[in-house]
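1. Using only what follows, build the 3D model:
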Amino acid sequence: MATGQPECKIQSVRRNLRLIRHARRGDQDIQARTKNKQSPVKQSAGNKHPSENHTRDVVDSEINHELSKARYRALDLADLMFGHLVTTNLAKDILQRFLVDGVVTCRKHQSKEPLRPESDEARHALEAAYADAVAHACHRTDAPFEETKEPKAKYQWHWPQFPGTPIDENKLVAFLNSVADKALSTAKSINGDNSLKPRNRFAAPRDKHHAIPLSYEPDGEDMRPDFMVLPLAAFSDDIELKADEAYVNFTAMLLAGESKSGRNAREGLIQVQRYIRGIKRAQPWLRFATGMTIGRDFVALLRGDCSGMERVELSLSDGRGCIEFIRIVLGIILSEKEDFGHNPDVEVGERDVSVDVLEASSANFPHTDTNSMMTTSQSAIRPAFSESASRLETSSNPSRSASSHLSSAQQFPETSSAASDGCTTSTGSKRGRSQVDDPEDGTHRDRNIGGKKSKRRKWTVKLRAFIPVRVHGRKCMGILFTSGSIRGRGTTVYVVAAADDCKTFLALKTSWQDVARADDQAAVLKKLVDNKPHPNVVIPSESFQAECSGTTSTLASIRALLDDELTELKVENRVLTVTISELKRPVAYFWSPHDFVRGLIGALLGHEYLCRIGILHRDISENNIVLPLCRDHLGNELGALIDFDMAIVGRPNMHEDSTLLPAEQDVEEMLSLADQPSSPLPENDRPYRAQRTGTTPYMSIGVLRGQSHTHYDDMESFLYLLVLFFFSYAGPLEAESLRRARVQGFVQPVAAGRLPHVTAWPAMFERWASGTFKEISDRKCSDLHPISHAGFIKDCFPHIRARWASDSQRSIEPRVIGKLILDCWVLFSRQNRRVGHGQFIKILREWLAKYAGDEDKCYVYPFDS
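-> Model prediction:
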């Protein structure tokens, strides 16, 4: 994979590197890179198992961890994103017109009287604001940068129509749309060009009490932005340009925003990071996602790509801030979907989906009269609005029906309430932690196994979802898997048709790979191709780097850095890679526990083969084990190992090492060995790169401690995979559901976070997912210690019974599952986690042979027809 990058979409733009500063506040203490450990592990908010805790605090913590050392204040970000749509000079002229029309006012510092728009002092204020904006812009020529001193704060600017505090969301959206409309009308007048057409508009959610749908969030966390940007097709052609509630969902969202009444933007930035993650998970094809935070005198623009986060914070009382605010707001409504990160290799269509929502606990739905903030400038854009909206609808879905609009019966219910008249809702009045949809006081309980159920009624609403229909030229049936967060590989697997007849499916995987690992990945792929294929290893049939316009690289194509500037930012540069392979069955679609165990045996055989030819996988988790679509002609149903993104080439037959540690090693000794420090990198070594991300509960003790990764660590991960499987599911799906899933290629329901049989992990296993790596490794050491494993298995049994015992249908005896876990756990405990493939497989095969009758008696094979 070549490290040189093609030119970015707007190569005439050169970033002003002196304006890009590392934002260190909030960075976590993460493992340092070492000579022998170029990619230490770190936590990520994008690779979580559906059974893990996804509550707000957990997600915020993990986003903060994954973005450590990858957040930058980029003072030229607004110019980079919207400079090709709204120049600094045009924004200055618009600001001047706003000053004349009273949209903004300006006064001298410490003066109470506003300047007259026609006065020399007002002209000086505009020139100072313009000079400051130019000094904070990208560079658009080949000339060297000129250092420009920032002018002192001599003038105070003010927006009279900006909502008072506490900020009402509807009034804020009306204000933003009013500024955008007036700016567009002014731009047309200044340029004498009526061809400018709005493409998007700001909107506020009508329901103030529930998370916005289709955010991929399985728990009741706060995923309700105060405002958002939607495509123009989402708005009705009436005097108020109301947003169709069907479009108010994360698959349609172009930007998510949060308003804060105080002066501190930090809390809003944290929330917007979560919304950006939500957008990328609901639209995993995006190259980046965008958010905003707005307060009474500030605005912040954020953009997250797979290398981290950039943001610019502006003061609305500053002249430069006013110019950039105009550029941002006008640029947002003029932007095409590619300007919001859309990948042109993914064609998106629209589909109506039905979603059940709980009746709001507080039924007042506030309404703010926005007519007072509508200006005559809107009448100038309405013809353009009608034309543009019609064009967008026709191009995206020619057969769009009226079913996308909510009927009165489908709207969120409103009940009579004495508090509803004249009520307004500020950003601080959203539901609190105790007001989540599932009324369990915000705690994380086992789902489907005895937790409380809400007594509130459910309402079904229809939403207009945006879904991929073609990916890299192939017809797309849906998304099989996505692990997207903000920073990281952002792996997404699409189910695509091998041909347009849709009779055979393939798995098309996209991921943003670190260019620093290009040589490792090429070496692994070459070794796989050069050796004889193995039935338990799925090798991609096609692999390539996406090279279409605007999608090639995070630092070069998205952030517009030149080749000689890439090392200035101490983060990884990532390229978008695509692999295509045979479609297999995900573990979640097992039809019996025996089916899973056979799949695990196959994966172990595949791993043994990789070790034999000299490949170390290094990323064993449930996502990287697949089951066969059906039995072969001999009746075999063994699984396979997939995904070599983190694999490296080692020496052949590495698995034949049989050195075992003493059987009775105490936990303190184990911890002392794991806690030995590694030598640091020299100061002049390569720049900081992102650490490996992985699913923390599956990581071995040694990997968590930062030790060199060996095949024994992968074997230990297989153990955790086996154990956690039986606490992740309450038995298999029904046979008919499994048959239907196979016909559909096992694609996920649109933006669904969990399948119905997925259950939350008990607290004893949540401890493997939360805390520092040292704390997690300590817990695993304790659980695996010979004097502790009996108590560990005993604690497991009630949770096994709760998930696998059933009074209503035949199911395997919980003690049978308990015996399998016990035998495997004792094996790893007694041998201090150094277990060979043959030893592990022997226990699994003996269990299958002994309890084969339980499978025939309790479960029905669903894939014959």
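2. what's stretch 815-824 in contact with?
-> With contact meaning CB atoms under 8 Å, 6 or more residues apart in numbering, stretch 815-824 is reached by 593, 597, 719, 722-723, 726, 793, 796-797, 800, 804, 840, 843-844, 847, 851, 854. (Glycine included, C-beta is placed from N, CA and C.)
3. residue boundaries of the helices in the stretch 1-150 of the chain?
-> 56-66, 77-82, 88-101, 120-135 (DSSP state H, counting those that start in this stretch).
4. which strands and helices sit next to the second one?
-> Counting contacts by 3 or more CB pairs under 8 Å, 6 or more residues apart in numbering; DSSP states H and E, helix 77-82 packs against strand 298-305, strand 308-315, helix 319-334.
5. Next, count neighbours for Cys858.
-> Residues near Cys858, counting by other CB atoms under 10 Å, number 18.
6. Check Thr293 too.
-> Neighbours around Thr293, by other CB under 10 Å: 25.
7. Could I get the full set of strands for the stretch 201-350 of the chain?
-> 227-231, 255-260, 288-295, 298-305, 308-315, 346-358 (DSSP state E, counting those that start in this stretch).
8. would you turn those strands into JSON lines with distance to Leu334 and mean pLDDT?
-> What follows is the strands of the stretch 201-350 of the chain, written out as JSON lines (distance: least, CB to CB, whole Å; pLDDT from 0 to 100):
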{"stretch": "strand 227-231", "distance to Leu334": "12", "mean pLDDT": "96"}
{"stretch": "strand 255-260", "distance to Leu334": "13", "mean pLDDT": "93"}
{"stretch": "strand 288-295", "distance to Leu334": "14", "mean pLDDT": "94"}
{"stretch": "strand 298-305", "distance to Leu334": "15", "mean pLDDT": "94"}
{"stretch": "strand 308-315", "distance to Leu334": "19", "mean pLDDT": "93"}
{"stretch": "strand 346-358", "distance to Leu334": "20", "mean pLDDT": "85"}
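9. Go through those and name the closest to Val461.
-> strand 346-358 (5.7 Å; CB to CB).
10. one step back: looking at the helices of the stretch 1-150 of the chain, which is closest to Thr482?
-> Thr482 sits nearest to helix 56-66 of all those, at 15.2 Å, using CB to CB.
11. Run through the neighbouring helices and strands of that closest one.
-> Using 3+ CB pairs under 8 Å, 6+ apart, helix 56-66 is in contact with helix 266-282.
12. Let me know the angle separating the helix it packs on from strand 308-315.
-> 140 degrees (axes from the mean of the first three to the mean of the last three CA atoms, to 10 degrees).
13. counting contacts, what elements does helix 266-282 pack onto?
-> helix 56-66, strand 255-260, strand 288-295, strand 298-305, strand 308-315.
14. And the second one, how far out from the chain middle?
-> For strand 255-260, the gap between its own C-alpha mean and the chain's C-alpha mean amounts to 17 Å (CA atoms, centre = their mean, to the nearest Å).
15. contacting residues around it?
-> Strand 255-260 has contacts (CB under 8 Å, 6+ apart) with 167, 169, 172, 225-229, 267-268, 271-272, 275-276, 278-279, 290-295, 332, 340, 427.
16. Each with direction, which strands does that strand pair with?
-> Applying DSSP bridges to the sheet, strand 255-260 is found paired with strand 227-231 (antiparallel), strand 288-295 (parallel).
17. Which stretch among the ones you listed is buried most, on average?
-> Among the strands paired with strand 255-260, strand 288-295 has the highest mean neighbour count (mean count of other CB atoms under 10 Å), at a mean of 26.
18. and the strands of the stretch 201-350 of the chain as JSON lines, adding distance to Ala498?
-> As requested, those are exported to JSON lines (distance: least, CB to CB, whole Å):
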{"stretch": "strand 227-231", "distance to Ala498": "32"}
{"stretch": "strand 255-260", "distance to Ala498": "36"}
{"stretch": "strand 288-295", "distance to Ala498": "31"}
{"stretch": "strand 298-305", "distance to Ala498": "31"}
{"stretch": "strand 308-315", "distance to Ala498": "36"}
{"stretch": "strand 346-358", "distance to Ala498": "18"}
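19. measure the residue nearest the centre of the chain to Arg585 for me?
-> Nearest to the mean C-alpha position of the chain, by CA atoms, centre = their mean, lies Ser485 at 2.6 Å. Going from Ser485 to Arg585 by CB to CB, to the nearest Å gives 26 Å.
20. and what of Gly304?
-> Taking CB to CB, one finds Gly304 at 33 Å from Arg585.
21. which of the two has more neighbours?
-> When Gly304 and Arg585 are compared for neighbours, Gly304 comes out ahead with 29 against 23, by other CB under 10 Å.
22. What separation do you get for the more buried one and Leu506?
-> Distance from Gly304 to Leu506, by CB to CB: 30 Å.
23. just Leu172 next, same as before
-> Applying CB to CB to Leu172 and Leu506 gives a distance of 46 Å.
24. The two: which has the busier surroundings?
-> Leu172 (22 against 19).
25. so where does that one fall, helix or strand?
-> Counting by DSSP states H and E, the element that carries Leu172 is helix 169-191.
26. tilt between that helix and strand 227-231?
-> 50 degrees.
27. Relative to the whole chain's centre, how far out is helix 169-191?
-> Worked out by CA atoms, centre = their mean, helix 169-191 lies 31 Å from the chain centre.
28. Point to the helix or strand of this protein where mean pLDDT is at its lowest.
-> helix 667-674 (a mean of 36; mean pLDDT, DSSP states H and E).
29. before we move on, back to that, tell me which of the strands of the stretch 201-350 of the chain lies nearest to Gly650.
-> Counting by CB to CB, and looking across all of these, nearest comes strand 308-315 at 30.4 Å.
30. Buried residues, the closest one. List them.
-> Residues 308-315 are the ones in strand 308-315 that count as buried (16 or more other CB atoms under 10 Å).
31. swap in stretch 553-573?
-> 553-562, 565-566, 569, 571-573.
32. Ok, stretch 827-842 next?
-> Those buried within stretch 827-842 under the rule 16+ other CB under 10 Å are 827-829, 832-837, 840-841.
33. Only alpha carbons, please: show that stretch as PDB.
-> The C-alpha trace of stretch 827-842 is given here as PDB (Å, rounded to 0.1, in the frame of the first residue of the first chain):
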ATOM      1  CA  LEU A 827      -7.500 -26.000  31.900                       C
ATOM      2  CA  PHE A 828      -6.300 -22.400  31.400                       C
ATOM      3  CA  SER A 829      -6.000 -21.900  35.200                       C
ATOM      4  CA  ARG A 830      -3.900 -24.900  35.900                       C
ATOM      5  CA  GLN A 831      -1.600 -24.200  32.900                       C
ATOM      6  CA  ASN A 832      -1.300 -20.500  33.700                       C
ATOM      7  CA  ARG A 833      -3.000 -19.500  30.400                       C
ATOM      8  CA  ARG A 834      -0.500 -21.400  28.200                       C
ATOM      9  CA  VAL A 835      -2.800 -23.800  26.400                       C
ATOM     10  CA  GLY A 836      -2.200 -25.400  23.100                       C
ATOM     11  CA  HIS A 837      -4.700 -25.700  20.200                       C
ATOM     12  CA  GLY A 838      -5.000 -29.500  20.600                       C
ATOM     13  CA  GLN A 839      -5.700 -29.300  24.300                       C
ATOM     14  CA  PHE A 840      -8.500 -26.800  23.900                       C
ATOM     15  CA  ILE A 841     -10.100 -28.600  20.900                       C
ATOM     16  CA  LYS A 842     -10.000 -31.900  22.800                       C
END
